[in-house]
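S.K.: Any chance you could fold what I've pasted below:
(2 chains)
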Amino acid sequence: MSSVLLRRERAIGIALLAPTVLLFGVLILYPMLQSIWLSLHRTNTLTLRQNWAGLDNYADLFADPAFWRSFLNTLIWTGGAMSLQLVVGVGIALLLHGSLVGRALARGLVLFPYLLPTAVAVLVWRWLFNDLYGFLNSVLLRLGIIEHPLAWLSQMPDAMISVILVGTWKFFPFVVIAVLARLQAIPDALYEAARIDGASRFAMFKDITLPQLSGVLSIVVLLRAIWDFKEFDLVYLMTGGGPGIGTQTLPILVYRQAFQMLNFGRGAAVAATMCVFMLLFFAIYAWANRRLVVSDR
Amino acid sequence: MIGRRLRFAAYNLLVWSVVLAIAFPLMWMTSTALKPNAETFAVPPTLLPVHPTLEHFVRLIRETPFLVYMANSALVGLMTTALVIVVAIAGAYGLVRFRFPGREAVAHLVLFTYLLPAVVLLLPLYLTVSAMGLANSLFGLVIAYTTFCLPFSLWLLRSFLAGIPIDLEEAAMTDGANRFRAFIDVVLPQALPGIISTALFSFILSWNEYLYALVFINVDDRKTLPPGVLTMLNQNQNVEWALLMAASVLMTVPVLVFFSFLQRHLTRGFGAGAVKG
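M.R.: Predicted structure coming up:
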């Protein structure tokens, strides 16, 4: 191809991407920089006048036990929800990967919670968890597992456990769909060979299925960790961060600092701290997934 | 022979019990929405409504601003999707078919922003939108929703477009069509299922969004469904669960309809396309 044509091709490519790059710059990059700027200033929320504060917002933040509590809560929520999603997701993917009657419907029913509005998921579960008329208490009482109704969402650690359970229900389908896609790609010949050698079902799972899944699982773990780490809606709507700050995670802390306490600097400092973690996650993701990232054509 | 059949039956029984347990909250939601108030609070609860009624749906539509919320949600979803799809088709096509400096960087940026927490952009976007006089406006939400719908759509469309063989375009261009014509006549028809799926996913994303809507909109008649319906939860001392479940059912219906169209593309649409499969 002549260099003139090549240059023209380049120009078209750049022109096609221009609106995207423009929107990214204005709506994502600029606000990110603005967020860092805000975290380095004290903002008067009435006049919006800003005074340089250096790293004061960060110093105050790291000296605040509530920040560390929220940080710990975020780790508990992310760790708990992610591991349950992983275990339940892999288990159900294995169950669904067989000759099942009505397989398409079963898959649809299992996957649907992932696309359900979080607001709906939370409303339904809060109704199930309701202390007086909730289905859950009524069943547990009848089975004799509890002696009187539990107020699931207003005491610790029940509130955190409830949030983790609902988070598992809402997001495990992601694991199912990724694992199912991979399971279908494992060659049958591997299992046949093992069967001829007289391997048990467990041995086949351990020596064939798991190693074949390991690549997918490491990326799934990473993505779910990122998405659970930044989750606001589900936790906030389930408990509002309560009781007290018992289930307050970092995203909720950002919201509270910025929009309830109107401390923009502190809120932005929390957000920037979260960003550092996201960068870390992203670096791991890019490293673990180098071959695939955006050039899988 | 009998052993194998028995195992098949046991396996099906097991899997379907698990599936129904997972779907139970949604069945419970529907069941509660159809129960008269007296039955909602029955102890012990009845599994299916004994006297099914549509009274809650009627009340929801007649006595609450539910329809206003729904119209707002639909409007924001449509505007966001229209904007995002046009920009994303151009961008994705540029990424897939052209070589130019910075292409890889843009692609990485797309991925990174798809993983970025909404709370990071929340405060600066709110300040910008307010400064533009768009607080309490649905346009403010469209701006905010572009920050996650655009990276998502770009990513998804890129994978759809990358699956279209380049030969046909080249053939059309050898026949004298220019790039634009080749794109309209050859690429677009082939990419259409992918474009429609992406649009549906993008609509669902904005339909479900809660945080930006909570912060940006403070007047009742501009609220979208998620914060609107949750205000109904916190408004009253005695929570009317049957009414809230009716609202939940109606919020779920559009998602369910789209979901059934999307079955084939779920792996990509869930973002699981990012996982090597």
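
S.K.: the helices in chain B, which residues?
M.R.: Remark: helices assigned in chain B by DSSP state H are B:2-33, B:37-40, B:55-63, B:66-97, B:103-115, B:118-131, B:138-162, B:167-174, B:179-182, B:188-208, B:211-216, B:225-235, B:241-262, B:266-269.

S.K.: And the pLDDT for A:Phe277?
M.R.: pLDDT for A:Phe277: 87.

S.K.: Please work out how many residues are found near it.
M.R.: 17 (other C-beta atoms under 10 Å in any protein chain shown). All C-beta spots, glycine's among them, are computed from the backbone N, C-alpha and C.

S.K.: Could you do the one 4 residues further on as well?
M.R.: The number of residues packed around A:Phe281, counting by other C-beta under 10 Å, is 18.

S.K.: thinking it is in contact with A:Ala225, fair?
M.R.: Yes - A:Phe281 is within contact range of A:Ala225, at 6.5 Å (criterion: C-beta atoms under 8 Å).

S.K.: Pull the distance from stretch A:280-287 to the chain's centre.
M.R.: Counting by C-alpha atoms, centre = their mean, to the nearest Å, stretch A:280-287 is centred 15 Å from the centre of its parent chain.

S.K.: Then stretch A:160-170?
M.R.: The answer for stretch A:160-170 is 12 Å, by C-alpha atoms, centre = their mean.

S.K.: which parts of it are buried?
M.R.: Neighbour counts over stretch A:160-170 (16 or more other C-beta atoms under 10 Å in any protein chain shown) mark A:Met160, A:Ser162, A:Val163, A:Ile164, A:Leu165, A:Val166, A:Gly167, A:Thr168, A:Trp169, A:Lys170 as buried.

S.K.: returning to that earlier point: got JSON lines for the helices of chain B, with distance to A:Thr273 too?
M.R.: Shown next, in JSON lines, are those (distance: least, C-beta to C-beta, whole Å):
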{"stretch": "helix B:2-33", "distance to A:Thr273": "35"}
{"stretch": "helix B:37-40", "distance to A:Thr273": "44"}
{"stretch": "helix B:55-63", "distance to A:Thr273": "42"}
{"stretch": "helix B:66-97", "distance to A:Thr273": "29"}
{"stretch": "helix B:103-115", "distance to A:Thr273": "16"}
{"stretch": "helix B:118-131", "distance to A:Thr273": "10"}
{"stretch": "helix B:138-162", "distance to A:Thr273": "20"}
{"stretch": "helix B:167-174", "distance to A:Thr273": "47"}
{"stretch": "helix B:179-182", "distance to A:Thr273": "46"}
{"stretch": "helix B:188-208", "distance to A:Thr273": "26"}
{"stretch": "helix B:211-216", "distance to A:Thr273": "18"}
{"stretch": "helix B:225-235", "distance to A:Thr273": "27"}
{"stretch": "helix B:241-262", "distance to A:Thr273": "34"}
{"stretch": "helix B:266-269", "distance to A:Thr273": "31"}
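
S.K.: Make JSON lines from the ones you listed and add distance to chain A and mean neighbour count to it.
M.R.: Formatted as JSON lines, these follow (distance: least, C-beta to the nearest C-beta, whole Å; neighbours: other C-beta atoms under 10 Å in any protein chain shown):
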{"stretch": "helix B:2-33", "distance to chain A": "4", "mean neighbour count": "15"}
{"stretch": "helix B:37-40", "distance to chain A": "7", "mean neighbour count": "15"}
{"stretch": "helix B:55-63", "distance to chain A": "13", "mean neighbour count": "15"}
{"stretch": "helix B:66-97", "distance to chain A": "3", "mean neighbour count": "21"}
{"stretch": "helix B:103-115", "distance to chain A": "4", "mean neighbour count": "17"}
{"stretch": "helix B:118-131", "distance to chain A": "4", "mean neighbour count": "21"}
{"stretch": "helix B:138-162", "distance to chain A": "4", "mean neighbour count": "23"}
{"stretch": "helix B:167-174", "distance to chain A": "12", "mean neighbour count": "14"}
{"stretch": "helix B:179-182", "distance to chain A": "7", "mean neighbour count": "15"}
{"stretch": "helix B:188-208", "distance to chain A": "4", "mean neighbour count": "20"}
{"stretch": "helix B:211-216", "distance to chain A": "5", "mean neighbour count": "23"}
{"stretch": "helix B:225-235", "distance to chain A": "4", "mean neighbour count": "20"}
{"stretch": "helix B:241-262", "distance to chain A": "4", "mean neighbour count": "20"}
{"stretch": "helix B:266-269", "distance to chain A": "5", "mean neighbour count": "21"}
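
S.K.: now the ones you listed as JSON lines including mean pLDDT?
M.R.: What follows is the helices of chain B, written out as JSON lines (pLDDT from 0 to 100):
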{"stretch": "helix B:2-33", "mean pLDDT": "93"}
{"stretch": "helix B:37-40", "mean pLDDT": "86"}
{"stretch": "helix B:55-63", "mean pLDDT": "94"}
{"stretch": "helix B:66-97", "mean pLDDT": "96"}
{"stretch": "helix B:103-115", "mean pLDDT": "80"}
{"stretch": "helix B:118-131", "mean pLDDT": "93"}
{"stretch": "helix B:138-162", "mean pLDDT": "93"}
{"stretch": "helix B:167-174", "mean pLDDT": "82"}
{"stretch": "helix B:179-182", "mean pLDDT": "82"}
{"stretch": "helix B:188-208", "mean pLDDT": "94"}
{"stretch": "helix B:211-216", "mean pLDDT": "96"}
{"stretch": "helix B:225-235", "mean pLDDT": "90"}
{"stretch": "helix B:241-262", "mean pLDDT": "94"}
{"stretch": "helix B:266-269", "mean pLDDT": "78"}
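
S.K.: out of the ones you listed, nearest to A:Leu17?
M.R.: Among those, the nearest to A:Leu17 by C-beta to C-beta is helix B:66-97 (4.2 Å).

S.K.: chain center to that closest one, what's the gap?
M.R.: For helix B:66-97 - counting by C-alpha atoms, centre = their mean - the centre lies 11 Å from the chain centre.

S.K.: quick check: angle from it to helix B:103-115?
M.R.: If you take axes from the mean of the first three to the mean of the last three C-alpha atoms, to 10 degrees, helix B:66-97 sits at 160 degrees to helix B:103-115.

S.K.: can you pull out the helices in the stretch 1-150 of chain A?
M.R.: A:3-24, A:30-39, A:56-62, A:65-96, A:103-111, A:118-128, A:135-142 (DSSP state H, counting those that start in this stretch).

S.K.: Quick check: which of these is buried the most?
M.R.: Greatest average neighbour count among these goes to helix A:118-128 (a mean of 25), per mean count of other C-beta atoms under 10 Å in any protein chain shown.

S.K.: So is that one next to chain B?
M.R.: Yes - using C-beta under 8 Å from any C-beta of the partner chain, we find that helix A:118-128 touches chain B at A:Thr118, A:Ala119, A:Val120, A:Ala121, A:Leu123, A:Val124, A:Trp125, A:Arg126, A:Trp127, A:Leu128.

S.K.: could you list every residue that touches whichever residue of chain B sits closest to chain A?
M.R.: Per C-beta to the nearest C-beta, the residue of chain B with the smallest distance to chain A is B:Phe98, at 2.7 Å. Each residue near B:Phe98 by C-beta atoms under 8 Å, 6 or more residues apart in numbering or on different chains is listed here: A:Glu9, A:Arg10, A:Ile12, A:Gly13, A:Ile14, A:Leu16.

S.K.: Looking at these, which one is closest to A:Ile245?
M.R.: A:Ile245 lies nearest to A:Leu16 out of the contacts of B:Phe98, by C-beta to C-beta, at 47.8 Å.
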